[in-house]
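Visitor: Got a sequence here, can you model it:
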Amino acid sequence: MVPTSSDDQEGSRGKTARAHLEARRMEMRQAMLDKLCKLDGSTTSSVSLLIGIPAEDVERLGGISEET
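Guide: Next comes the predicted model:
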């Protein structure tokens, strides 16, 4: 067995860290796109996304006035 140098180990850890960060970046991007698809410009959709309940539940609980 050939011993590995510390540079080889650091390079391997760097590749692993970059792969992990890229995977997390892609997960976060997909989550952001999913949330953006739920927004339709209404106050109800914004409140729904902000508080984490479906827009239908916001409406069922009394809705949101769109008037300012």
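Visitor: C-alpha from now on. contacts and neighbour counts both.
Guide: Noted.
Visitor: Can you give me the neighbour number for Glu10?
Guide: As a burial measure, Glu10 scores 11 neighbours (other Cα atoms under 10 Å).
Visitor: Identify the residues contacting stretch 58-68?
Guide: The list of residues contacting stretch 58-68 from outside it, by Cα atoms under 8 Å, 6 or more residues apart in numbering, reads Ser42, Thr43, Thr44, Ser48.
Visitor: Give me the pLDDT value at Gly63.
Guide: The score at Gly63 is 89. That number is its pLDDT.
Visitor: what about it, is that helix, strand or coil?
Guide: coil (DSSP: H, G, I helix; E, B strand; the rest coil).
Visitor: distance of it from Lys38?
Guide: For Gly63, the distance to Lys38 equals 17 Å [Cα to Cα, to the nearest Å].
Visitor: And for Ser45?
Guide: To Lys38, Ser45 is 7 Å away according to Cα to Cα.
Visitor: Settle it for me: which of those two has more neighbours?
Guide: Taking other Cα under 10 Å, Ser45 and Lys38 do not tie; Ser45 has more neighbours (18 against 14).
Visitor: ok, and what's touching whichever strand or helix holds that one?
Guide: Secondary-structure element containing Ser45, defined by DSSP states H and E: helix 43-51. Helix 43-51 is touched from outside by Lys35, Lys38, Leu39, Pro54, Ala55, Val58, Glu59, Gly63, Ile64, Ser65, Glu66, with contacts defined as Cα under 8 Å, 6+ apart.
Visitor: how about those residues in JSON lines, adding distance to Asp8 and secondary structure?
Guide: Shown next, in JSON lines, are those (distance: Cα to Cα, whole Å; DSSP: H, G, I helix; E, B strand; the rest coil):
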{"residue": "Lys35", "distance to Asp8": "41", "secondary structure": "helix"}
{"residue": "Lys38", "distance to Asp8": "46", "secondary structure": "helix"}
{"residue": "Leu39", "distance to Asp8": "47", "secondary structure": "coil"}
{"residue": "Pro54", "distance to Asp8": "50", "secondary structure": "coil"}
{"residue": "Ala55", "distance to Asp8": "52", "secondary structure": "helix"}
{"residue": "Val58", "distance to Asp8": "55", "secondary structure": "helix"}
{"residue": "Glu59", "distance to Asp8": "58", "secondary structure": "helix"}
{"residue": "Gly63", "distance to Asp8": "59", "secondary structure": "coil"}
{"residue": "Ile64", "distance to Asp8": "59", "secondary structure": "coil"}
{"residue": "Ser65", "distance to Asp8": "61", "secondary structure": "coil"}
{"residue": "Glu66", "distance to Asp8": "60", "secondary structure": "coil"}
